[in-house]
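> predicted model and sequence follow; I will ask about them next.
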Amino acid sequence: MATLTGEWVRSGSRLPLDIVRLTEADWRTLAEVRLRALRDSPAAFPVDCEKEQGRVPQEWRDRLADSDWVVARRETDGEIVGLAHLTAEPKPDHGPYPPAEVRYIESVWVAPSARRQGVSQRMIQALEAQARQDPQIRSLLLWVLAGNHVAWNVYQRLGFVPTRERKHRFYTSDATYVWERRMRKML
Ligand SMILES: CC(C)(COP(=O)(O)OP(=O)(O)OC[C@H]1O[C@@H](n2cnc3c(N)ncnc32)[C@H](O)[C@@H]1OP(=O)(O)O)[C@@H](O)C(=O)NCCC(=O)NCCS
């Protein structure tokens, strides 16, 4: 057998999962998983962790009432290993896209112990299915940190393509402005 000198990149087996859409009653779960995500991967999100920690219960409930949040629950032990968010929030930077025709994918995070097993893929597919239920929605958008190659790969693999839009966003984790790029998937 030929000797392989390249680096092994394990794709991993698919993890048995439930993808669960959270309701307002699940606000504690949202708060716990969101804060876990920010503590684990502060550099991936342009969010002030202290500000998130200071949110009151009603704010978490409001977030659940206003948009769709899913978690990935590992079947074997019930542990929540991922979080993702679909929102219509009309941002000042919605660009050339009519707000009623787009949804944003945000806050995608997978616990380190569950990575590279298709968890984010399955959460985003669930959110895409949710968006497709509204025939007005023509595309999914997201912003990704220019240097986050892993996330970039995940989104490309799911059919997102880079648009030409970029923005300089402040990341509190290291107090610098960083380039983000927009990706889009036509539905
Ligand atoms: C980015 C992140 C969400 C990916 O989640 P994940 O569940 O591990 O990703 P998946 O297993 O669904 O990967 C889907 C595909 O993306 C690509 N991919 C994922 N991780 C990769 C890696 N480390 N290296 C190269 N490609 C990778 C692969 O093509 C993979 O498919 P394959 O395993 O069949 O080859 C996870 O690494 C994470 O939480 N990172 C920290 C937070 C973050 O960066 N969030 C995104 C903010 S925009």
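Noted; the coordinates are in hand.

> quick one: residue 30 and residue 69 touch, right?
Yes: using CB atoms under 8 Å, residue 30 makes contact with residue 69 at a distance of 5.8 Å. (Each C-beta comes from the backbone N, C-alpha and C, glycine too.)

> got any residues that touch both of these two?
22, 63, 83 (CB atoms under 8 Å, 6 or more residues apart in numbering).

> which residue is nearest the centroid of the protein?
Against the mean C-alpha coordinate of the chain, by CA atoms, centre = their mean, the closest residue is residue 108 at 1.9 Å.

> what does the helix or strand where that one lies contact?
In this assignment (DSSP states H and E), residue 108 forms part of strand 102-110. Contacts to strand 102-110, defined as CB under 8 Å, 6+ apart, come from residues 33-34, 37, 40-41, 44-45, 69, 72, 81-89, 91, 94, 119-120, 123-124, 127, 131, 137-143, 151, 154.

> restrict those to those near the ligand?
Filtering the contacts of strand 102-110 for neighbours of the ligand using CB under 6 Å from any ligand atom leaves 41, 44, 119, 120, 151, 154.

> farthest-apart pair in those, please.
Using CB to CB, the two most remote members of those are 44 and 119, lying 15.0 Å apart.

> between these two, which one's more packed in?
residue 119 (26 against 19; other CB atoms under 10 Å).

> residues contacting the more buried one?
In this structure, residue 119 makes contact with 15, 17, 72, 81, 82, 110, judged by CB under 8 Å, 6+ apart.

> repeat that for 10 Å
Neighbouring residues of residue 119 by CB atoms under 10 Å, 6 or more residues apart in numbering: 12, 14-15, 17, 19, 72, 74, 81-84, 108-111, 154.

> can you say which of the residues you listed are buried?
15, 17, 19, 72, 74, 81-84, 108-111, 154 (16 or more other CB atoms under 10 Å).

> widest-spaced pair of these?
Using CB to CB for every pair in the buried ones among the contacts of residue 119, the one that comes out farthest apart is 74 and 154, at 18.6 Å.

> what about the closest residue to residue 114 other than its chain neighbours, distance to residue 162?
The spatial neighbour of residue 114 that comes closest, neighbours along the chain excluded (CB to CB, 6 or more residues apart in numbering), is residue 81 at 3.8 Å. According to CB to CB, to the nearest Å, residue 81 and residue 162 sit 28 Å apart.

> can you pull out the low-pLDDT segments for this structure?
For the chain, the stretches with pLDDT under 70 are 1-13, 90-91.

> interface residues of it facing the ligand?
11, 41, 44, 108-110, 115-121, 144, 148, 150-151, 153-154, 157.

> give me the subset of these lying in helices.
Judged by DSSP state H, helices contain the following of the residues of the chain next to the ligand: 119, 120, 121, 150, 151, 153, 154, 157.

> ok, residue 150 touching residue 112?
No: the criterion here is CB atoms under 10 Å, and residue 150 misses it with residue 112 at 11.7 Å.

> just want to know which of the two has more residues nearby.
The neighbour comparison of residue 150 against residue 112 (other CB under 10 Å) goes to residue 150, with 12 against 9.
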